[in-house]
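Chemist: sequence and predicted structure below; questions after.
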Amino acid sequence: MARYKTGLATRDRILEATAGLLAEVGPEGTTIQAICDRSDVRPGSFYNLFSSKDDAIFEVLLETMRNAAQRPAGTPSLDEFIDQWVRFVLDNPTAAMIYMRLGVTGAVNHTHIVDRIRHFQEKRVDYLAAALTAANPRMTVADATPRAELVLATLNGLTIRYLVDPAFDLAAHVEVLREIATT
């Protein structure tokens, strides 16, 4: 039991160090050595818990995203989903950028990261499809699912646009998306 608690404490220190480095120096400056130095962990212990730097970074991102996207009980809401998305991107631009990057580059080297992103995206599509059918009872899940995919793809695209140009008015474009998604 003590070993397990020690492992959890080590994991927490690594994730805390990774989050701090991401905020301070971004993903390029977040090296395994820097993570190990900051968390007072040897590289061997790091690799006992994470397969790569990207794996540790992805865990930090997932936790950030889970905290930002708490689903309320009750009927799924397109507006609530979109509002949470915009808040996440505006409040956590570094995390949003890294998530987008890992979604693309993770496919090259880390199938486990891609699998987790795919699962996360599928849950989002299911939620959005439920929100669309709740807003329009005449819409079937079969009709709502492609729309949900398009809403999510558009949000991803608008996020990338905002991340490369912070002057881009993300909120205004999201309002247009809201109108399109519900008509």
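Modeler: Now that the structure is in, tell me what you want to look at.

Chemist: buried ones in the helix or strand that contains residue 87, by neighbour count?
Modeler: Residue 87 is part of helix 78-91 when elements are defined by DSSP states H and E. Neighbour-count burial for helix 78-91 flags 78, 80, 81, 82, 84, 85, 86, 88, 89 (criterion: 16 or more other C-beta atoms under 10 Å). Where you see a C-beta, it was placed from the backbone N, CA and C, and this is true even at glycine.

Chemist: show the pLDDT at the fourth one.
Modeler: Reading off the confidence values, residue 82 has pLDDT 90.

Chemist: for residue 159, see how far away it is.
Modeler: 12 Å (C-beta to C-beta, to the nearest Å).

Chemist: residue 64 touches residue 97, doesn't it?
Modeler: No: between residue 64 and residue 97 there is no contact under C-beta atoms under 8 Å: 12.0 Å.

Chemist: domains of the chain?
Modeler: The record's domain parsing of the chain by automatic domain parsing lists 1-50, 52-182.

Chemist: where does pLDDT dip in the chain?
Modeler: Across the chain, the ranges flagged by pLDDT under 70 are 1-7, 67-73, 105-110.

Chemist: beyond the top helix by length along it, next helix or strand please.
Modeler: Longest helix of the chain, by residue count under DSSP state H: helix 2-29. Counting by DSSP H and E, the element after helix 2-29 in chain order, helix or strand, is helix 32-39.

Chemist: ok now that next one, how far from the chain's centre?
Modeler: Relative to the centre of its chain, helix 32-39 is centred 23 Å away, using C-alpha atoms, centre = their mean, to the nearest Å.

Chemist: buried ones in that helix, by neighbour count?
Modeler: 32, 34, 35, 36, 38, 39.

Chemist: before we move on, what about stretch 146-165?
Modeler: Going by neighbour count (16+ other C-beta under 10 Å), the buried part of stretch 146-165 is 147-149, 151-152, 154-156, 158-160, 162-163.

Chemist: and whichever strand or helix holds residue 152, what does it pack against?
Modeler: Under the criterion of DSSP H and E, residue 152 resides in helix 141-164. Applying 3 or more C-beta pairs under 8 Å, 6 or more residues apart in numbering; DSSP states H and E, we find helix 141-164 packed against helix 78-91, helix 93-109, helix 111-135, helix 170-182.

Chemist: done for today, thanks.
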